[in-house]
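A.B. asks: I'd like to go over a predicted model; first the sequence, then the structure.
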Amino acid sequence: MKIKLTESQLSKVFKKMTNEGQKEIDGILDKINRIGGYEGLSKKEKEYLNYHSTTGKFLDKESLHSSHQVAQYGETWYFQHPGMPTYQFKYEVTEETPDEIIHTGYLNVNNDEYYGEIFCDAEGDYSVSNFNDAEGENVFEKYEGIEREIELFLQVVCNDLKDEMKGGMTV
C-alpha cells in the first residue's frame, strides 16, 4: 500500500521526528552538565551522541534506551551510624553490556550529592564506581581517607541489585 503525503504533511512529520531526536540530544547534553563531563555518560549515550555528531541524524529512542530497571526508580539505600558519615544511594537505572553491569544513580555523602555509576562485572559483583558533583569534583577526592567505607557501602548496594536481578528479595 502506498500513502501519499502533501509537502506540508511531510514537513510536519519530518519536523516531529527532528524535534524528538533533538530532545534526546538535549537530554544527553543536560546530563553532561549535571554530572560534570562526558565521561559520566553511559556507553549508549556516548554512541548516540557520536552517531549524531558524525552523521547529523538521530537514532530511534530504542537505540538510546536499552537500559532497564532492576529496582524501582528512586529506590534508596541508607547507611547511618553515629560518628560516621551518612551515605545514601538513590537508584535510577541499570545498563547491561556483555562485560559489565552499570547501575546509575545519585550518591549522597553527608548531604553532598554526586551523580554517577556503580560498575559491576558481568556476574554483578562490585568493581569500581565514579561519582561527581555538579562542579565535577569526584566523591573520592572530597572524602579522601574514607574511600574504602564509601566503596563498601556501594558494594552492598551492588550486591542488593544483583540479588534483585536474580529475582531475590527487595531491599
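C.D. replies: Noted; the coordinates are in hand.
A.B. asks: Enumerate every residue touching residue 101.
C.D. replies: 94-95, 119-122, 124, 162, 165 (C-beta atoms under 8 Å, 6 or more residues apart in numbering). (Glycine included, C-beta is placed from N, CA and C.)
A.B. asks: Check the secondary structure at it for me.
C.D. replies: Secondary structure state of residue 101, per DSSP: H, G, I helix; E, B strand; the rest coil, is strand.
A.B. asks: Would you reformat the contacts of residue 101 as CSV and include distance to residue 50, secondary structure and pLDDT?
C.D. replies: Formatted as CSV, those follow (distance: C-beta to C-beta, whole Å; DSSP: H, G, I helix; E, B strand; the rest coil; pLDDT from 0 to 100):
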residue, distance to residue 50, secondary structure, pLDDT
94, 22, strand, 88
95, 16, strand, 88
119, 21, strand, 94
120, 25, strand, 92
121, 25, strand, 91
122, 24, coil, 86
124, 28, coil, 88
162, 30, helix, 86
165, 28, helix, 77
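A.B. asks: Only whichever of those are buried, select them in PyMOL.
C.D. replies: Applying 16 or more other C-beta atoms under 10 Å to the contacts of residue 101 leaves a buried subset, and the PyMOL line that selects it is:
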select buried, resi 94+95+119+120+124+162+165
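A.B. asks: which residues in this structure form helices?
C.D. replies: 7-35, 43-55, 61-64, 139-142, 147-165 (DSSP state H).
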